[in-house]
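In: Dropping a prediction and its sequence here:
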Amino acid sequence: MGWQPVVLWADGLIWLTVGAVGLLFWRGADNIRAGWQSLWRQPVAMAAGLILLCYVGIGLLDSLHFRLRLPAQAGMSVQYSVEVNSVLDVLIARLSAYQEQSYSAPLAKHLFVKMPTTLPDGHLVLGYPELTLYQAQRLGRDEQGAWRHWPEKVRLGLRGVLMGVLLAAAMTLLFAGWQAHRGGVSLRDLLRTAWQGKHQLPWRTGWATLTVLCVLGAMMAEWSTVYHVLGTDKIGQDVLYQSIKGVRTGLMMGTLTTLVTLPLAVGLGIAAGYFGGWVDDAIQYIYTTLNSIPGVLLIVAAVLLMQGFIETHPALFDSAASRADFRLLFLCLILGVTSWTGLCRVLRGETLKLREQDYVSAARTLGVSDWRIMGRHVLPNLLHLILISMVMDFSGFVLAEAVLSYLGVGVDPAMASWGNMINAARLELSREPVVWWPLASAFGWMFVLVLSANLFADSVREAFDPLGQRR
Amino acid sequence: MMTYLIRRLAYAVPILLGVNLLTFSLFFMVNTPDDMARMHLGIKHVTQPAIEAWKVQHDYAQPLFYNAREPGWRALRDTLFFNQSVRMFALDFGESDDGRNIGEALRSRAGPSLSIALPTFVLGLWVNIGLALMLVWARASWLDRFGIIATVVLMSVSSLFYIIAGQYWVAHLWRLVPISGFVPGADSWHFVLLPIVVSVMAGVGNGTRWYRSIFLEEIGKDYVRTARAKGLNESRVLFRHVLQNGLIPILTGAVAVLPLLFMGSLLTESFFGIPGLGSYVIDAIQAQDFAVVRAMVFIGSVLYLIGLWLTDLAYTWADPRVRFS
Amino acid sequence: MSESLLQVSNLRITIGKARVVDGISFAIAPRQTFVLLGESGSGKSMTALSIMRLLPESAHYQAGDIRLHGQDLLGLPESAMRPVRGGMVGMIFQEPMTSLNPVLTLGEQIKESLSLHQRLHGRALHEAAADLLQSVGIADAAQRLHDYPFQISGGMKQRVMIAISLAGNPALLIADEPTTALDVTVQAQVLELLRKVQRERGMGMLLITHDLAVAAYMADQVGVMYAGELVEMAPREVFFKQAQHPYSQKLFAALPSQPDQVLQAIAGSVPALDKVFEGCRFADRCDETQAICRNAIPAWQDLGNGHQVRCHGVSSPFQIKPGPALVSSRSAQPILRVHDRQALLKVRDAQVYFDLRPSTFFGKRRQLKAVDGVSLDLFPGETLALVGESGCGKTTLGKSLVQLQPLTAGYIELDGVALGGHSRRLLQVQRAAIQMVFQDPFASLNPRMRIHALLEEGMVALGVEPDATRRQILLEQLMTQVGMSKQALNRYPHEFSGGQRQRIAIARALAVQPRLLVCDEPTSALDVSVQAQIVNLLRELQTSMGLSLLFITHNLPLARHLAQRMAVMYLGRIVEQGDSAAIADTPAHPYSQALLQAVPTLTTHTLVSLRGEPASASHPPIGCHFHPRCPRAEAICQVTYPALRTLQDGRQVACYFPIDPVAT
């Protein structure tokens, strides 16, 4: 079957960003590379970084979009499906394959609410019908041998644990092999020092985190063959599937918004600090004005206007995905426009100090042009601040998505996002008996991402600015 | 000193004008009155006369900046910009799209908003400073390490979670306070208790962490070493020298948000059904009532600028270096 | 020795792996001043802090004990240590600017100590505080009690610090570089004050300094620290007559004493302290290193008279080597007859005014007259020293020369062409012709750029050498010229020590082939031994390249050593200008004389210190700027500023009553 790649704007931007960040660390300024190396020596950074990588991996897989070719019909040119899918969709297609009728608890076999069901004898009764996924998958899965006596959940879980441990060990070994090859030591020696905790990298922390991640992943994969691991929501959709799909939205919000703030904050901050005078006055006026408008209200107003725009110009968007994409981008844009002022002010102040540094004076006596001084003497000495603020802001933007979605001005309601999940589920806690899993799942996935981002940000600050003033 | 403060006050005028221009262009130029009328009258089957009638009815029929049909200064006065934006400087906010007086609503709703925001602010400040001092006191011990981790965890939790969890456990399961609602007067305390506690919780992670770093920075300074060299004990060093210096940025920063307390909180008020300004905004958003949103933007900016000015004032009061120069 | 007040034995302190204090022992007798002498990083400040048990949290005691009146301080619980701090031992720190709490009044900070250690209250407390402030030489003490630290000058702050440290009537006063951050005329006042209070109160004093002259002036007993160790200890007279350790001797030789004499620099720099030493720590930098110096750690040797030294070269008390020899090797410095030639640089009536924020909305703008009508000539190949205290405008003038600071009025000519050329090419030529070396080598090199890029930048921007290969060759030559290796080009600034960085900064300036080098206190951030290296390098470069130097400094002896002519600045104006030897030997302006007499030398016994401190350049006194501090001032001095007059020997003085060279 053929396919056609679809590059949504957000996808393009996110891949560009990944490329740019990679380039910065690979070929970038010396201080960034040195900081990067000392960053991974911190156990917290290692653990948080691996978790973040996991999220980023999911998000990136979900950012490779394509359309499938429809079965060829005689006399027609090649047609592609209207539906846009991502690579991730294909990988976790199993999760969304079986739609239930309504709520079901995590790892349940039956629906959580009573439904009229037809019994085999043809009677219609009110009861808890068996889930379609369970019905379809358990058949032919009755195991033989020693496994027989174990309950199915435990059996699948244990198998997941085993696979996870093996997978983690294999990955660690692979990485160790590469490191040993690069460092010119034998794998044995490397593993021994790593195990004793004497290597400069925190191998044990890395290995433990990897094991936990792999075990969790493998267990979910195992269970998901027969169960809805995190249950289903009101309209019977798999909660795990939605949570995973929400990863991309959260990451996009965090990354693209940061991307919007950076040029504004960096460009204007440095210009204001370096040139001073009326440039400084003008830039300060702009950011005080923007700051004085309540951010939420500005965002709300802009998003409402944008909704109007989408409604009146339906022709511009050829698919639901591209409409959601536009909305996401716009949200990032407006969120970014309201949040660049903090970093801008910091950079302005820092540039004011740097401008008076003797090495800038020296460059001026040597006839170096203003732009070159800003590029070679000022900016490189601000990079660590920019990086730190980037990582610190990231988690704030992820959290903001949930709040904005709750207020009705977030991402497209049809788009999978944790904010939308929370918004849809907020009345469920007052049900009797309580339905907690959609909320818990959304909050949980978000919490793990934000917590690792925050911990990572702390380590980044530690590594790039240990004394608050690295020379 | 006074002239400095007056100058700072005068500085607010161009900024407010900027805010007005920005919101005006957003609300009237990007989204024209015609669009508004169509939105309110239903997207389809709208006739041009119906639109014009709606505009006249809601005072949106005038030109944007310059009314060529009127002579002299009325050419500037009888415009949308003058009537919709400039008149706000006189605190005249007009009517909302459903015909009610906005100014009146603001007055009646500020009270409930404050009854939550003010205690949250005061309590939050105390709790955060107290916890931060405790962590600084025990710096480099297990308590400090635990505290740092706890603050990171607390600040990584979505504010929605605090509200939802608080409502579920405290109000729903344990039935200690009502889930939502508000009555004016002295009886309001059991309605505002939970929102206040929840809001303080939501801010404690960030606040404690920030204040802790401020205090730690102060503790590394030379004058603290001098104080220790005098033979002062650690609590006196901490409470007299470090606290007094650290409080300057903390309090002046806090003063900046003081006026904004009037605005209330969108989330808390809407979840707990408090009839304050926050829920006013939410209602306006849901009804797409731009007149209200515009008024709130203006008030927010005014309050922010008052906050900036109060910060200057607080600095001159708190910091002798500013007071005497 | 009588029973000692303080006894430090075998003290060891580590920070991480670095052994910053490595087994030092000394004793201070009551009423005695013990001077601990050493360069930065020698561990002397850590030693001082360790006595108070105020070490930073990263530092740890490894061994040793500290006894005060026989009581073991390291064994005391923290609560028992508090009465010792401030009560038994007072301490003064280096930075008076940051050592006082900015938000408490002086009174509150002094009273805090008084009430703690003397249990005073109410009126008595207030009066005691005023008395104390009075006793450290602050006028209007009762009023000053209500002032905040930012309202008083640096010298006054250090006086207040002294008052605080005296509040508990301590038996021992520790002063950690108490005058390093102060101007020379103020330094003299503070040293004087310290001597006075010590005598009056009969205290013991531990004075930490890097300055041999301060040590000579203050000490009863001297201990020299090097790399965490005491290397020599002796009574003052013995030490200054016959210092035995090669390091001590090198320190003496590095002092600029005779003009036209090459300073004795100590090669290399202080070793890293995180390795285990197997021999003498000074072996790598010593001229007399023998095999044993590298293989065995030298032990203390007692030479009698309380003179102890840690050196293999001094094997017995009978082989006392001659004291620091002043080898006179006259450099090839030609004596210039400057007036025969055309001036390279002409400065005429240069003014640099800074606008201060107006005090009222419509008020008159106040101006800070940093440079207020300066005229100078600088001839090819000559060195002119610009001497003055901080805030006198000397750095601002230097910055105007390199066009970092535009002139408010007046002009500067290079080869008869006014600076600030109108064409791009002329601007480039002028920029290249005058280059600057900055004070702090740690701040003047961009930490994010390799040395290669740093040096190359100017050559490219000013179009000195467009060809990359030839540029590379030039850079390599340049590095050799300033005494660095070619490999250094590929490294980053943080890999170098202060002295090496200053060499790189000089190379950067030389890269664009300047004819005039403006050196703004290029050695004041460096240790004495390294200072000599840089001064020698500058002299060498000058002779080999025919450079002109404008040497900005506060150090009059150094100016005299290096320069043929000197100009003394006070509050934006030149008060005396002429032959540097003439000014240094027989100053005509009272201020030049004060500068000279305020600097302690190895042989000074009394310092003549000026009263007061330099006025602010935003409120210069009416009449002669110097009259409030001048011992010779009369009525006319308070009315109009004296015109510059030329004396018989050709020097110019702005004074109504210049000191007659013959009479002094």
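Out: Perfect, thanks for sending it.

In: interface residues of the stretch 301-450 of chain C facing chain A?
Out: Residues of the stretch 301-450 of chain C that fall close to chain A, judged by CB under 8 Å from any CB of the partner chain: C:399, C:402-404, C:427-428, C:431-432, C:434-436, C:438-440, C:442-449. The way it works is simple: take the backbone N, C-alpha and C, and place the C-beta from them, glycine included.

In: what residue lies at the spatial centre of chain C?
Out: In chain C, the residue lying closest to the centroid (CA atoms, centre = their mean) is C:Ser524, at 5.1 Å.

In: Please name the nearest non-neighbouring residue to that residue.
Out: Sequence neighbours aside, C:Gln439 is the residue nearest to C:Ser524 in space, at 6.1 Å (criterion: CB to CB, 6 or more residues apart in numbering or on different chains).

In: Pull the contacting residues for the one you found.
Out: Taking CB atoms under 8 Å, 6 or more residues apart in numbering or on different chains as the criterion, C:Gln439 is in contact with A:358, C:395, C:520-522, C:524-525.

In: and it, how far is that from A:Phe275?
Out: 26 Å (CB to CB, to the nearest Å).

In: do A:Phe330 as well
Out: Distance of A:Phe330 to A:Phe275, given as CB to CB: 32 Å.

In: So which of the contacts of C:Gln439 is surrounded by the most neighbours?
Out: C:Pro522 (27 neighbours; other CB atoms under 10 Å in any protein chain shown).

In: That residue should be in a strand, yeah?
Out: No - counting by DSSP: H, G, I helix; E, B strand; the rest coil, C:Pro522 is not found in a strand; it is coil.

In: Check it and give its pLDDT.
Out: With respect to pLDDT, C:Pro522 scores 90.

In: in the sheet, who's paired with the closest residue to it other than its chain neighbours?
Out: Leaving aside its chain neighbours, C:Pro522 sits nearest to C:Val437 (4.8 Å; criterion: CB to CB, 6+ apart). For C:Val437, the beta-bridge partners are C:Cys519 (DSSP bridges).

In: and C:Val437, what is it in contact with?
Out: C:444, C:502, C:505-506, C:509, C:517-520, C:522.

In: Thought C:Phe551 was touching the residue nearest to the centre of chain C, still the case?
Out: No - under the criterion of CB atoms under 8 Å, C:Ser524 makes no contact with C:Phe551, lying 11.5 Å away.

In: In helices, which of the residues of the stretch 301-450 of chain C next to chain A appear?
Out: C:399, C:427-428, C:431-432 (DSSP state H).

In: Quick check: the two most widely separated of these?
Out: The span of these, defined through CB to CB, is set by C:Lys399 and C:Gln428 at 18.7 Å.

In: Which one (most neighbours) among the contacts of C:Val437?
Out: Going by other CB under 10 Å, C:Gln502 tops the contacts of C:Val437 with 31 neighbours.

In: Can you tell me how far that residue is from C:Val518?
Out: 14 Å.

In: ok, now B:Leu9?
Out: Distance from B:Leu9 to C:Val518, counting by CB to CB: 46 Å.

In: go on, C:Ala461?
Out: Relative to C:Val518, and taking CB to CB, C:Ala461 is found at 18 Å.

In: Where does C:Ser269 sit, in terms of helix or strand?
Out: Assigned by DSSP states H and E, C:Ser269 belongs to neither a helix nor a strand.

In: Next, give phi and psi for it.
Out: phi -140, psi 170 (degrees, to the nearest 10).

In: Check the one 4 residues further on too.
Out: Backbone torsions of C:Leu273, given as degrees, to the nearest 10, read phi -100, psi 0.

In: how close does it get to chain A?
Out: 19 Å (CB to the nearest CB, to the nearest Å).

In: Is A:Ala239 in contact with A:Trp437, as I believe?
Out: Ala isn't right for residue A:239; it's Val. Yes - counting by CB under 8 Å, A:Val239 does reach A:Trp437; the two are 5.8 Å apart.
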